[in-house]
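Asker: Let's see this in three dimensions:
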Amino acid sequence: MNLQHLRYAVEVDNAHSITLAAEKLYMNQPNLSRAIRELESGLGFTVFNRTPRGIIPTAQGEEFLHYARSILSQFDEMVARYEEKDTKEPAFRLSVPRASYIASAFCRFAAALHGKITLDYKETNALRAIRNVSEDNFDLGIVRYQAIYEKYFLNTFREKKLQYRDIWSFRYLITLREDLPLARKPFIDQQELENWVELSHGDTYVPSLPQREIKVHNPNNALRIYDRASQFELLRALPKAYMWASPIPNEQLKLYGLVQRPGRKQSALYKDVLIFQKQYMLSPLGEHFLEELEKEKKGLTPKETGRP
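Answerer: This next block holds a predicted model:
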């Protein structure tokens, strides 16, 4: 048994779920289950019972968890007392969805700093962005969600004691090579893409929402990718490939020889929302980044924002 085992047990107790605890700990669920079994084996008693209501501690487990929390609290207090705080580099941390206009704004923002500060720029899904800001001390986050789920997300922001501010609303567009015949049409029917390869990101799920939120339009001919750079290279290389994407700046579209067109059937309305902790006052760095973001957003034409 070690401190890591104690942290695992406390996190499982907080989440009442091995799966949710594993996600919080950024580890695989089987590895966390194995670690809990090792802990229980070393202790000689069962810490958790598995029930239809989730993972709950046994009587002995509750006593153990009380001591585990006390030990971890004292250890963290000791580390905080003696670590060299003044040696830490200043940092600015952002957690955002995969979005080309945000990436472009961040590039200009970073270039203006001339390497004077450490920057963390993490592209991830909505729930992870919320966690990064509410629990992991990210300065700012941008959360993307379908407008029909706004009530759920606003309640989550309030529950996590986060401030929030609308950035904009938009509709996804079909992105494809500009030299293809379909690219010359003002609108594209989904049936015209029936035999095409659809690119989609494989890890932008929001677990608490219905599966239809992440369903691709063409599941029989899909190509899942996990970083934003690959999408442009693949769209340029494959003769019949397309992707539903948020509005992309003209500069990037021209660089890769791409265009964006609305679907004939209007796509769902999405929102990008800025979040930050309630006690956080926007710093000059935060204001600078938001200024660059606003410039990038204003540079998108009406056609790009998906308003047919």
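
Asker: in the particular helix or strand that has Glu296 in it, what counts as buried?
Answerer: Under the criterion of DSSP states H and E, Glu296 resides in helix 284-298. Neighbour-count burial for helix 284-298 flags Leu285, Gly286, His288, Phe289, Leu290, Glu292, Leu293, Glu296, Lys297 (criterion: 16 or more other CB atoms under 10 Å). C-beta here means a position set from N, CA and C on the backbone, and glycine is covered the same way.

Asker: What is the nearest of those residues to Ile248?
Answerer: Closest to Ile248 out of the buried residues of helix 284-298 is Glu296 (10.7 Å), distances taken as CB to CB.

Asker: How much space separates Ile117 from Gln29?
Answerer: Per CB to CB, to the nearest Å, Ile117 is found 36 Å from Gln29.

Asker: More neighbours: which of those two?
Answerer: Between Ile117 and Gln29, Gln29 has the larger neighbour count (other CB atoms under 10 Å), namely 15 against 12.

Asker: any idea how far the more buried one lies from Arg224?
Answerer: Counting by CB to CB, the separation of Gln29 from Arg224 is 20 Å.

Asker: Check Arg34 too.
Answerer: Arg34 sits 28 Å away from Arg224, going by CB to CB.

Asker: Kindly report the same for Leu269.
Answerer: For Leu269, the distance to Arg224 equals 24 Å [CB to CB].

Asker: who has more neighbours, these two?
Answerer: Taking other CB under 10 Å, Leu269 and Arg224 do not tie; Leu269 has more neighbours (14 against 11).

Asker: Off-centre distance for stretch 118-135?
Answerer: Taking CA atoms, centre = their mean, to the nearest Å, the mean C-alpha location of stretch 118-135 is offset from the chain mean by 6 Å.

Asker: what do you get for stretch 149-164?
Answerer: 15 Å.

Asker: That stretch - what's its average pLDDT?
Answerer: Here stretch 149-164 scores 93 as its mean pLDDT.

Asker: try stretch 124-139
Answerer: Stretch 124-139 comes out at a mean pLDDT of 90.

Asker: Going by neighbour count, which residues of that stretch are buried?
Answerer: Going by neighbour count (16+ other CB under 10 Å), the buried part of stretch 124-139 is 124-134, 138-139.

Asker: Next: stretch 102-122.
Answerer: Using 16+ other CB under 10 Å as the test for burial, stretch 102-122 gives Ile102, Ala103, Ser104, Ala105, Phe106, Phe109, Ala110.

Asker: pLDDT-wise, which helix or strand of the chain ranks last?
Answerer: strand 222-225 (a mean of 75; mean pLDDT, DSSP states H and E).

Asker: What strands line up against that strand, and which way round?
Answerer: Strand pairing for strand 222-225, using DSSP bridges, gives strand 197-201 (parallel).

Asker: buried stuff in the partner strand?
Answerer: For strand 197-201, a neighbour-count test (16+ other CB under 10 Å) marks Val197, Glu198, Leu199, Ser200, His201 as buried.

Asker: check contacts around Ala129.
Answerer: By CB atoms under 8 Å, 6 or more residues apart in numbering, Ala129 lies in contact with Ser95, Val96, Pro97, Lys122, Phe138, Gly141, Ile142, Val143, Ile275.

Asker: Buried only: go through those for me.
Answerer: By neighbour count, with 16+ other CB under 10 Å, the contacts of Ala129 hold Ser95, Val96, Pro97, Phe138, Gly141, Ile142, Val143, Ile275 as buried.

Asker: Just flag the most distant two among those.
Answerer: Between any two of the buried ones among the contacts of Ala129 (CB to CB), the greatest distance is 13.6 Å, for Pro97 and Phe138.

Asker: so what pLDDT did Lys88 get?
Answerer: What the model reports as pLDDT for Lys88 is 54.

Asker: nope, His217 is what I meant
Answerer: 53.

Asker: same question, Gly263
Answerer: Per-residue pLDDT puts Gly263 at 90.

Asker: Is it bridged to anything, and to what?
Answerer: Beta-bridge pairing of Gly263 under DSSP bridges involves Ile188.

Asker: Outline the domain layout of the chain.
Answerer: Annotated domains of the chain cover 3-85, 89-170+270-298, 173-267 [automatic domain parsing].

Asker: tell me, which of those domains is the model least confident about?
Answerer: Lowest mean pLDDT within the domains of the chain: domain 173-267, at a mean of 80.

Asker: Show me the helices in the stretch 51-200 of the chain, by range?
Answerer: 59-82, 100-113, 126-135, 150-159 (DSSP state H, counting those that start in this stretch).
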